[in-house]
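S.K.: 3D, please:
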Amino acid sequence: MSSVSLRTIDQLAPSEFENLTYDILHSSGLRHLVWRTPGADGGRDIEGYFFQTDVSGHTDIQKWYVECKRYSSAVDWPTVWSKVSYADANKAHFLLLVTNSNPSPNCETLIERWNSENRVLKIRVWRGYELLALLNAFPMVAVKYGLSAPTRSTITDFLDLGTEISKISQSTYAAYEFNTDLRPGLEALAALAELLTCRVKDLATFGRFVSPAAERIDGLYPWAEMVGDARVGVEIAIRAILATLRFATSFEKVRVTLASTSFIAEPVSAKRLLDVSGLRLLMITCLWSDVEVALPLPNSEPQVFHFCYRPWQPNGKF
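M.R.: Residues are numbered from 1 along each chain as shown. Take a look at the predicted model:
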C-alpha cells in the first residue's frame, strides 16, 4: 500500500459518520434499513428491524430507530428526549443513539431512569469508545472508511468475497458439465472480479473505499431494461449487484429504474426467491459496492429491491 494516513472517527465528515453507522448496523444484524427524513439538527435517522427467534421457534420483530450524529461535546438529555418522543410516538421498540461522544452524566442518569420504568421503548447508546470496539468486531468496515489499515484480521473479509466467487465458479463449472446456461455465472464472476480489483486499488491508493464517478448508463446487460429520466449511476456497482442478483434468483429479465442517487431492481420471472445463501451474496456485494439496499419483506412476491449508492468523492477526499 502507498503511504496513506489513517483517520479517526472524529475526522469523519458527518455524512461519512452516518454511512459508517449504517454499515455497522447492517453488519450487526439489523435488517430492512432505511434512511429517514433529516431532522432539525441536520442529522439523518435510520429505521430498521431486528428479528429475534426464541427456542420455541417464534420470531419477535423489533422496530429500531437510530439517531447517528457526531457531537463536539457531551450529549445532553434534551437532545435525547427530542428523539425519544418521536420514536415513542411511532411505536418503536428501541431508540439507539450513535455518537462519537458520550451522554452527559445527567443524561446517563435519565436514560437509566427511563429504561427502568417498564416502558415499551428502550433507549440504547453506542458511545465513542463502544464504536471503536464494534470496528474491531467488523474490521472490513473500519478499513472501508480509512480508520484501519488492512491487516491479517481483515483477510477473512476478503475471503468472504473470495469464497462467494469460488462458489459461483464451482456452480458455473457444474452448469458446464450438465450442459446448462453458463452466462449467469460467468457474468457474476466477471462483475465481482472487476469490483474486487477496483477496491484493492482503492485501498492501495487512498487507504479506504472511494466510490467512482457517476456516469451515463444506457445499457448493461441484454436482460436488463434500463428506464428512468436520470440515466446516471455508478456502473461498476450496478453491474455487480444485478449480475449477482440474477445468479441468486435466476430471473429472466430485470427492470431497472435509475435515478441520480438510487436505483430500483424489479426481477421478472424469477425461478426462486432470494434464500439465505443468495442474501449473503447480495449483502457482501453491496458492502464492497458501497451501496445500501432495502430488502423486500421475507417471502414477498414480487420481490422489488431498492438500492442507494453513496455520493462520489473525487480523489478520495471527503
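S.K.: what average pLDDT does stretch 8-19 get?
M.R.: Stretch 8-19 shows a mean pLDDT of 86.
S.K.: with only the CA atoms kept, save it in PDB.
M.R.: Output of stretch 8-19 as PDB, limited to C-alpha atoms (Å, rounded to 0.1, in the frame of the first residue of the first chain):
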ATOM      1  CA  THR A   8     -10.100   8.800  13.500                       C
ATOM      2  CA  ILE A   9     -13.800   8.700  13.900                       C
ATOM      3  CA  ASP A  10     -13.700  12.400  14.900                       C
ATOM      4  CA  GLN A  11     -12.200  13.200  11.500                       C
ATOM      5  CA  LEU A  12     -15.100  11.700   9.500                       C
ATOM      6  CA  ALA A  13     -17.400  14.100   7.700                       C
ATOM      7  CA  PRO A  14     -21.000  14.000   9.100                       C
ATOM      8  CA  SER A  15     -22.200  12.000   6.000                       C
ATOM      9  CA  GLU A  16     -19.400   9.600   6.400                       C
ATOM     10  CA  PHE A  17     -20.200   9.000  10.100                       C
ATOM     11  CA  GLU A  18     -23.800   8.300   9.100                       C
ATOM     12  CA  ASN A  19     -22.800   5.900   6.400                       C
END
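S.K.: where does Lys271 land in three-state SS?
M.R.: Under DSSP: H, G, I helix; E, B strand; the rest coil, Lys271 falls in the coil class.
S.K.: check it and give its pLDDT.
M.R.: Looking at Lys271, its pLDDT stands at 87.
S.K.: please enumerate the strands of this protein.
M.R.: Assigned by DSSP state E, the strands in the chain fall at 31-35, 45-53, 59-68, 94-98, 122-126, 215-216, 224-227, 232-233, 253-258, 262-268, 291-294, 305-309.
S.K.: what is the burial count for the closest residue to Arg31 other than its chain neighbours?
M.R.: Computed as CB to CB, 6 or more residues apart in numbering, the closest residue to Arg31 that is not its neighbour in sequence is Tyr49, at 5.5 Å. In short, each C-beta sits where N, CA and C put it, glycine included. Applying other CB atoms under 10 Å, we find 15 residues neighbouring Tyr49.
S.K.: might you report the residue contacts of Tyr49?
M.R.: By CB atoms under 8 Å, 6 or more residues apart in numbering, the contact list for Tyr49 reads 30-32, 61-64.
S.K.: what subset of those is buried?
M.R.: Buried members of those, counted by 16 or more other CB atoms under 10 Å: 30-32, 63-64.
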